[in-house]
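[1] return atomic coordinates for the entry below.
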Amino acid sequence: MQYHTVIIGAGMSGLAAGIRLAYYEKPVCILERHTTIGGLNSFYRLRDRNYDVGLHAVTNYAPPGTRTGPLSKLLKQLRLRWDDFDLSPQNGSSVVFPGHRIAFNNDFAAFVDDVCREFPKQADRFRTLVTHIDEYDETSLSQEPASARSVLGEFLSDAVLIDMLFCPLMFYGSATPHDMDFGQFCIMFKSIFQEGFGRPIKGVRQILKKLTRHYKELGGELRLRHGVREIMVNGGRTTGVVLDDGTEIEADNVLSSAGHVETLGLLNGEWRIENGDEGVLNSPSSIPPSGEISFNEAIFVLDCQPHELGHDETIVFYNSADEFHYEPPTEPLDLRSGIICSPNNFHYTDGEQLDEGYIRITSLADPDYWMSLPEDDYVAAKADWGQRMVESAIQHIPDFRKHIVDTDIFTPRTIKKFTGHLKGAVYGAPRKVLDGTTEIDNLFLCGTDQGFLGIIGAMLSGITMANNHLLR
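    Residues are numbered from 1 along each chain as shown. Modelled structure (predicted):
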């Protein structure tokens, strides 16, 4: 069968693009190497418990019926209803540094007031920065890259406040050590601080199963356990893909959510540019750098609800050092900062609650260390560093160690296995391809390396690439 489009990867962006194409009756097939959908935001069952991968919260929250904003746009584009995602708002979160705490929930005005209360000498400067962010069009696909640190330095003079603003935005979306592109900063600032967090009580599977069901009802084809080994290129155009088992699938277009460098690595086994019939290997200097930011995450199941221990916050972004460092650490993990998330601490409908308590702790990880360990050492290192993560976290939340009944931990090694991202780079390459184009005429990128961030952003990435390149 000749497909209009083959999509590599059944993550959020691939599924959303597939729905958009299938709605317009384009023959489309999504290929996924693994046995389940979701990519960076998936789910699994272990020891009779359901776990989410990646999902702490859905950013860009908006109350049902909101007519503007990314979530409203997404639902309209996918022809879905508000209750299909069933998002409940957060209790409230915080950024905690030595001597400072900034609280935020889904009330942006309250967040602005709290920043101004905590940093009164920066209040006017911060409000001016907010106005600048409001006026910036972060959805433009033709922006020139700009250092967010440089831009913030034009408005704010307090280094601690700058770092406190960066901390959650970097942890939830930066592929760049120490900095972010200002467009990416604005995306994350608006999605986290202006719009806020929500979560379905059933977790990420609620969203993924709805997307998959909708896609199939529209006639889209999904093939699990069908990994792509090669993207076929002839005359500067892709003609389809070759699967791991050697099967060829023909398509007019290929849309890849595998990552920029990872996609280029599939082009006939090497990255080639058109030069006659054979092609030549592109110069190494023009190969975009791959990402290097990755994490360990430890998920702890408790025999009680976190609020019973006195912990009601949804997410705590913490930094215990004098300065905030966001970079691949020289140690296996950087325990000076991290994220503490409890999926129990949302305002679920009708007072519903998860059956068990959960605490998730995330720390920056050294990918090379975790990739290179022998299996026995790997298992032991996960357990050892998992305990160290807890010791770091309980400086900021009540000690929950006596209540742990089960634990699971994933590392950069896990992320690479299930996403294919080199070094387990959660947010992909530092240089994004905003228009989604490649040197191959009908090969396009969506997802992490296109540049729209978060779960809602990933779906909007797939939709935007489908609209701009595949439905015109």
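[2] quick one: the helices in the stretch 151-300 of the chain?
    Along the stretch 151-300 of the chain, counting by DSSP state H, counting those that start in this stretch, helices occupy 159-171, 182-189, 204-217, 260-264.
[3] which residues does residue 333 bridge with?
    Beta-bridge partners of residue 333, counted by DSSP bridges, are residue 365.
[4] what helices or strands is whatever helix or strand residue 44 lives in leaning on?
    Using DSSP states H and E, residue 44 falls within strand 43-46. When contacts are defined as 3 or more C-beta pairs under 8 Å, 6 or more residues apart in numbering; DSSP states H and E, strand 43-46 packs onto strand 49-52, helix 204-217. Where C-beta positions appear, they are placed from N, C-alpha and C, glycine not excepted.
[5] could you dump the ones you listed into JSON lines with mean pLDDT and mean neighbour count added?
    Shown next, in JSON lines, are the helices and strands packed on strand 43-46 (pLDDT from 0 to 100; neighbours: other C-beta atoms under 10 Å):
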{"stretch": "strand 49-52", "mean pLDDT": "82", "mean neighbour count": "17"}
{"stretch": "helix 204-217", "mean pLDDT": "96", "mean neighbour count": "19"}
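[6] of all those, which one is nearest residue 316?
    Nearest of the helices and strands packed on strand 43-46 to residue 316, taken as C-beta to C-beta: strand 49-52 at 18.1 Å.
[7] helices or strands up against the closest one?
    For strand 49-52, the packing partners by 3+ C-beta pairs under 8 Å, 6+ apart come out as strand 43-46, helix 204-217.
[8] change it to 6 Å
    Strand 49-52 makes packing contacts with no helix or strand when contacts are defined by 3 or more C-beta pairs under 6 Å, 6 or more residues apart in numbering; DSSP states H and E.
[9] so how far is that strand off the chain centroid?
    Between the centre of strand 49-52 and the centre of its host chain there is 18 Å, according to C-alpha atoms, centre = their mean, to the nearest Å.
[10] shouldn't residue 241 be in contact with residue 229?
    No: look at residue 241 against residue 229 with C-beta atoms under 6 Å: they stay out of range, at 7.9 Å.
[11] more crowded one of these two?
    Neighbour totals were compared for residue 241 and residue 229, and residue 241 leads with 25 against 14 (other C-beta atoms under 10 Å).
[12] for that one, which non-adjacent residue is closest in space?
    Closest residue to residue 241 apart from its sequence neighbours, by C-beta to C-beta, 6 or more residues apart in numbering: residue 228 at 4.8 Å.
[13] okay, and the beta partners of that neighbour?
    When bridges are called by DSSP bridges, residue 228 pairs up with residue 243.
[14] what is the burial count for it?
    By other C-beta under 10 Å, the residues close to residue 228 number 23.
[15] what does the pLDDT read for it?
    Residue 228 carries a pLDDT value of 96.
[16] likewise the one 10 residues further on?
    The per-residue pLDDT reported for residue 238 equals 94.
[17] what's around it, how many residues?
    The burial count for residue 238: 26, using other C-beta under 10 Å.
[18] can you offset everything so residue one is 344?
    That works, and once the first residue is 344, the last one we named lands at residue 581.
[19] tell me the contacts of it?
    Contacts for residue 581 were tallied using C-beta atoms under 6 Å, 6 or more residues apart in numbering; they are 574, 597, 783, 785, 786.
[20] in strands, which of those residues fall?
    Among the contacts of residue 581, the residues falling in strands (DSSP state E) are 574, 597, 786.
[21] from those, which is closest to residue 771?
    Using C-beta to C-beta, residue 786 comes nearest to residue 771 of the ones in strands among the contacts of residue 581, at 16.7 Å.
[22] which residues touch the closest one?
    Counting by C-beta under 6 Å, 6+ apart, residue 786 makes contact with 581, 597.
[23] partner residues bridging it?
    Beta bridges link residue 786 to residue 597 when assigned by DSSP bridges.
[24] and what of residue 395?
    Beta-bridge partners, per DSSP bridges, of residue 395: residue 386.
[25] quick check: it vs residue 548, distance?
    As for residue 395, its distance to residue 548 is 8 Å (criterion: C-beta to C-beta, to the nearest Å).
[26] any common contacting residues for these two?
    residue 386.
[27] lowest-pLDDT helix or strand in this protein?
    None of the helices or strands of the chain scores lower by mean pLDDT, DSSP states H and E than strand 623-624, at a mean of 38.
[28] helix or strand: which one has residue 726?
    Assigned by DSSP H and E, residue 726 falls in helix 718-736.
[29] which residues does that helix contact?
    Here helix 718-736 makes contact (C-beta under 6 Å, 6+ apart) with 641, 675, 676, 678, 683, 704, 706, 716, 752.
[30] and residue 457, that one's in a helix?
    Yes: with DSSP: H, G, I helix; E, B strand; the rest coil as the criterion, residue 457 is assigned to a helix.
[31] residue ranges for the strands of the stretch 644-793 of the chain, please.
    Ranges of strands within the stretch 644-793 of the chain are 658-662, 676-684, 700-708, 747-753, 786-788, based on DSSP state E, counting those that start in this stretch.
[32] JSON lines for those, including mean pLDDT and distance to residue 777?
    As requested, the strands of the stretch 644-793 of the chain are exported to JSON lines (pLDDT from 0 to 100; distance: least, C-beta to C-beta, whole Å):
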{"stretch": "strand 658-662", "mean pLDDT": "98", "distance to residue 777": "27"}
{"stretch": "strand 676-684", "mean pLDDT": "98", "distance to residue 777": "27"}
{"stretch": "strand 700-708", "mean pLDDT": "97", "distance to residue 777": "26"}
{"stretch": "strand 747-753", "mean pLDDT": "96", "distance to residue 777": "29"}
{"stretch": "strand 786-788", "mean pLDDT": "97", "distance to residue 777": "10"}
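[33] out of those, which one sits most buried?
    strand 786-788 (a mean of 26; mean count of other C-beta atoms under 10 Å).
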